[in-house]
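In: Predicted coordinates and the sequence they were generated for:
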Amino acid sequence: MAILVNKHTRLLVQGITGKAGGFHARQCMEYGTNVVAGVTPARGGEMFDDKIPVFDTVLEARRQTGCNATMIFVPAEFAADSIMEAVDAGIEVVVCITEGIPVLDMMRVRAGMKGSPSRLIGPNCPGVITPGQCKIGIMPGYIHKPGKVGVVSRSGTLTYEAVWQLSSRGHGQSTCVGIGGDPINGTSHLDVVKMFNDDPDTEAIIMIGEIGGTDEEEAAAWIGIHCNKPVAAFIAGTTAPSGRRMGHAGAIVSGGKGTAAGKIEVLQTAGIEVATTPADMADALLRRLARG
Amino acid sequence: MNIHEYQAKELLDKFGVANTPGGVASTPEEAEKVARSLATNNLVVKAQVHAGGRGKGTFTNGLRGGVHLCKTANQVRDISEQMLGQTLVTHQTGPQGRVVRKVLVSKSVEIERELYLAILIDRAISAPVIVASTEGGVDIESVAAHNPEKIVRMAVDPLLGLLPYQTRKLAKLLGIESSEMRLACKLFASLYKLFLRCDCSMVEVNPLVVTKGGEILALDAKFNFDDNALFRHSEIVGYRDIEEEDPREVEASKSNLSYIGLDGDIACLVNGAGLAMATMDIIKHHGGDPANFLDVGGGATEQQVTEAFKILISDKRVKAILVNIFGGIMKCDIIAQGIINAVKSVNLPVPLVVRLEGTNVEAGRKLLAESGLPLIAATDIADAAQKVVAAAKAT
């Protein structure tokens, strides 16, 4: 079953006529994702690669194609609006790849999404992939293998590192979810861990986090009490100086809070096996599995 | 992005947040002129640098303190002369200190009470929160450690905004007298408006003073702006003082690179912030010391990669470089070409370890192997870290 996306996903690409949107739409199609529509305002009526109809609005795309997920490649200035448009049209899974959306815009998006059944992943994320079935995002498909490990991460390339290690050791992935590097986003570590906990296809979980915020601690508290599946984790940024934004808008130690050391301690207390280095992520999960 | 105190005052004035009258000066004569225009015997001269701890700092020329009270315009001129063009060292500037290019001359006030007021975004609840305390004028972190009950936190609903009753509630919590309540509420509301309109990530007024005359004023204000929102705030971008920033970071930002300078001797070039942080971590784990954080991002052009390389190589402390690329959007053949071009154009002065994986990896590895360059190839991330630490030690 996996979570969020599978072979029944019908994908819309918002921003399909742009350079990044077009490139990744093609990559997703090559992977086997069922891309059914594109949206770029004022470009409605065009055909993308002679295959995919382009619409002016998400609502039109929804009505004409029954798309049930969207991948957003809209510039930061307009991306929050694109998210709300997708939510308004009832798109069930909204994956926003865009980096650089103002924090207050995302604060308003969250407030505006209260009560909505749509699930927002991201922004500033690499996307979601259920190996062998559906890829929504920018991750290299070939490193993933279908399997039983659920991966949830704030990072992009660091996630690929973990996936690469898992695949090399013969442990495939049920679904990999990139929740993104922004301080305010649509889906937290805990949201995904709960989904994995309920997913019959997922037997173990890897959580990848970093400095800033309290996402990992919140997930650890729940995992310690409720999670039925073994969890391993890695937290990046042990060597990050405090007070500086380390690339990701959400990766910052403020007023002594959000340190890697603090997170690692909370995770370990919850029985989560924490990798000592990024080279140790898959091995940490294997150690946790061996513990039983 | 940070700004100077005198620029913060401009913003406060623009939004009607009460603060003390004053003006900025770049020469002792200008400082004297500002002092005269204030028509008061109670003056204060403050060195303008992007660092805290000015009051307790020391100038390399011997002058103690970056904040001085003065009684006359002549004194203001004299003090300014001792500050301008001189280097101030505080516990936040690092031992090399900062050159003071401007001073702020303002009216000093008779303080009855010092309060603390800040507005920031609470990520856990996705809403702005006002943090306030009756213990102003001191480091809020020590208040949090020793007297946490003296800090109040008030969340603001993103859709409703800061409601007037909330400002009155806050005034009461801070012990503000009924006769001063209106002034306090106006200040809170104006500051909140500033926070939203300017896309701040944080606003901190410390101290917020209640004067003996019953005024409520922001005596010092620090702003931090959401870098993601600067595209819609050209006036704030105009406040940027490049001379207060690390020159390597300034150079990097010209090529849209995400770079943070550190103190070590192993430089890294990585794609992806999480992987870049993890690369620094694993270098440290294997006994090395990272010289920087550098994320070339997902859409990095060959030119950006070349520029990144030049910045890394320009740091004389660097003894070895690690390039760690896992290609998603970033294609390994593009990065390989960028490395090759950069190395050819700048002459490699230190060992280079390259670890590539991901999209177009075979093409990338082939380009590197056939380049004839003396680089050290690594397989996985642990191998890469071990090799670069060994290479740095051998240099």
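Out: Received the coordinates, thanks.

In: what helix or strand does the residue of the stretch 51-200 of chain A found nearest chain B sit in?
Out: With Cβ to the nearest Cβ as the measure, A:Ser155 is the residue of the stretch 51-200 of chain A nearest to chain B, at 2.5 Å. Backbone N, C-alpha and C define where each C-beta goes, glycine included. Secondary structure assignment for A:Ser155, by DSSP states H and E: no helix or strand.

In: For burial, what's the neighbour tally of it?
Out: If you count neighbours by other Cβ atoms under 10 Å in any protein chain shown, A:Ser155 ends up with 31.

In: Quick one: neighbours of residue 285, just the number.
Out: By default, I'm working from chain A. When neighbours are defined as other Cβ under 10 Å, A:Leu285 has 27 of them.

In: looking at chain B here, not the other one
Out: 20.

In: what pairs with the nearest residue to A:Thr57 once chain neighbours are set aside across the strands?
Out: In this structure, A:Thr57 finds its nearest non-sequential neighbour in A:Val39, 6.5 Å apart by Cβ to Cβ, 6 or more residues apart in numbering or on different chains. Counting by DSSP bridges, A:Val39 is bridged to A:Gln14, A:Phe55.

In: A:Arg43: neighbour count?
Out: 14.

In: I figured it hits A:Pro53, correct?
Out: No. Counting by Cβ atoms under 8 Å, A:Arg43 stays clear of A:Pro53, with 10.7 Å between them.

In: Model confidence score at B:Met330, please.
Out: At B:Met330, the model reports a pLDDT of 68.

In: and what of B:Asn41?
Out: B:Asn41 is assigned 94 on the pLDDT scale.

In: Confirm it sits in a helix?
Out: No. Counting by DSSP: H, G, I helix; E, B strand; the rest coil, one finds B:Asn41 to be coil, located in no helix.

In: Determine the number of other residues adjacent to the nearest residue to it once chain neighbours are set aside.
Out: Nearest residue to B:Asn41, sequence neighbours excluded (Cβ to Cβ, 6+ apart): B:Lys71, at 5.2 Å. B:Lys71 is flanked by 12 other residues according to other Cβ under 10 Å.

In: A:Gly258 too?
Out: Per other Cβ under 10 Å, the neighbour tally for A:Gly258 reads 25.

In: Name the SS class of the closest residue to it other than its chain neighbours, please.
Out: For A:Gly258, ignoring the flanking residues on the chain, the nearest one in space by Cβ to Cβ, 6+ apart is A:Gly212 at 4.5 Å. Assigned with three-state DSSP, A:Gly212 falls in the coil class.

In: need the contact list for the closest residue to the residue of the stretch 51-200 of chain A closest to chain B other than its chain neighbours.
Out: Closest residue to A:Ser155 apart from its sequence neighbours, by Cβ to Cβ, 6+ apart: B:Gly274 at 2.5 Å. Shown in contact with B:Gly274 (Cβ atoms under 8 Å, 6 or more residues apart in numbering or on different chains): A:153-159, A:181, A:208, A:210, A:236, A:247-248, A:251.

In: Of those residues, which belong to helices?
Out: Those of the contacts of B:Gly274 mapping onto helices are A:157-159, per DSSP state H.

In: which stretches of the stretch 101-250 of chain A form helices?
Out: Counting by DSSP state H, counting those that start in this stretch, residue ranges of the helices within the stretch 101-250 of chain A are A:103-112, A:157-168, A:189-198, A:215-226.

In: Dump these to JSON lines, plus mean neighbour count.
Out: What follows is these, written out as JSON lines (neighbours: other Cβ atoms under 10 Å in any protein chain shown):
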{"stretch": "helix A:103-112", "mean neighbour count": "21"}
{"stretch": "helix A:157-168", "mean neighbour count": "25"}
{"stretch": "helix A:189-198", "mean neighbour count": "20"}
{"stretch": "helix A:215-226", "mean neighbour count": "20"}
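
In: Of these, give the one that comes closest to B:Leu117.
Out: Proximity to B:Leu117 (Cβ to Cβ) singles out helix A:103-112 among the helices of the stretch 101-250 of chain A, at 19.4 Å.

In: ok, residues contacting the closest one?
Out: Residues from elsewhere that reach helix A:103-112 (Cβ under 8 Å, 6+ apart): A:79-80, A:83-84, A:87, A:120, A:123, A:182-186, A:249, B:121, B:126-128, B:157-159, B:196, B:199, B:201, B:226, B:228-229.

In: Going through those residues, which ones are buried?
Out: A:79-80, A:83-84, A:87, A:120, A:123, A:182-186, A:249, B:121, B:126-128, B:158, B:196, B:199, B:201, B:226, B:228-229 (16 or more other Cβ atoms under 10 Å in any protein chain shown).

In: mind listing the strands for the stretch 201-350 of chain B?
Out: In the stretch 201-350 of chain B, strands defined by DSSP state E, counting those that start in this stretch lie at B:216-218, B:221-225, B:258-261, B:266-270, B:292-295, B:320-327, listed in chain order.

In: what does the stretch 51-200 of chain A put close to chain B?
Out: A:76-77, A:100-108, A:110-111, A:126, A:138-140, A:143, A:153-161, A:164, A:181, A:183-184 (Cβ under 8 Å from any Cβ of the partner chain).

In: ok, 7 Å please
Out: A:76-77, A:100-104, A:107-108, A:110-111, A:126, A:138-140, A:154-158, A:160-161, A:164, A:181, A:183-184 (Cβ under 7 Å from any Cβ of the partner chain).

In: Flag the shaky bits of the stretch 151-292 of chain A, pLDDT-wise.
Out: Of all residues in the stretch 151-292 of chain A, none has pLDDT under 70.

In: so what's B:His50 up against?
Out: By Cβ atoms under 7 Å, 6 or more residues apart in numbering or on different chains, B:His50 lies in contact with B:2, B:4, B:241, B:244.

In: Next one, pLDDT for the first one please.
Out: Yep, that's B:Asn2 we're talking about. The per-residue pLDDT reported for B:Asn2 equals 86.

In: Cool, thanks, signing off.
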